[in-house]
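>>> Pasted the sequence and its predicted model underneath.
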Amino acid sequence: MNGRLLGKDGREFALKALDLMEQFGIAPTPENYAVWICFASDTNPELCETLKAQIESGEGFNDSVNAELFEQYFQWKAIQDAILESGGVMCRELGAVQQTLEAAERDTAAYGKALEGASNELSTTNPV
């Protein structure tokens, strides 16, 4: 929505969005507000056309229509949240793998030293 919602213009768009929501009997939920602030500020042409068509049809708005509008035009938020969540899980998993590899490296180095010591001991006690 960029900087158009900042300052005096932003306040005017917010009031317009709330007035429209009241006019059409729409509950002032965050999801509904997101839809209507875009309409009031004309920041999403496709959403604006959809809302205009809904208004012109005279069918009105209900919870189902409102939910569909939000999902259709703001689904990116759910996708973004899923990406962030999966990225966090991957980061934790990679951290665990890194710790396992570091432990394996330490164990391998210790085993190598033990083999070297045993080899030295064998060569001094059993010269060939």
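Cool, got the structure. Everything numeric here is computed off the predicted structure, so don't read it as measured data.

>>> other SSEs contacting the lengthiest helix in the chain?
For the chain, the helix with the greatest residue count under DSSP state H is helix 63-125. Other helices and strands packing on helix 63-125, by 3 or more C-beta pairs under 8 Å, 6 or more residues apart in numbering; DSSP states H and E, are helix 30-41, helix 45-57. For the C-beta atoms, the positions are set from N, CA and C on the backbone; glycine is no exception.

>>> Contact partners for G60?
With contact set as C-beta atoms under 8 Å, 6 or more residues apart in numbering, G60 has these partners: 24-25.

>>> gap between it and T125?
Distance of G60 to T125, computed by C-beta to C-beta, to the nearest Å: 96 Å.

>>> swap in L15?
Plainly put, L15 is 93 Å away from T125 if you go by C-beta to C-beta.

>>> picking that back up, make CSV from the helices and strands packed on helix 63-125 and add distance to A67, mean neighbour count and mean pLDDT to it.
As requested, the helices and strands packed on helix 63-125 are exported to CSV (distance: least, C-beta to C-beta, whole Å; neighbours: other C-beta atoms under 10 Å; pLDDT from 0 to 100):
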stretch, distance to A67, mean neighbour count, mean pLDDT
helix 30-41, 7, 20, 92
helix 45-57, 13, 13, 92
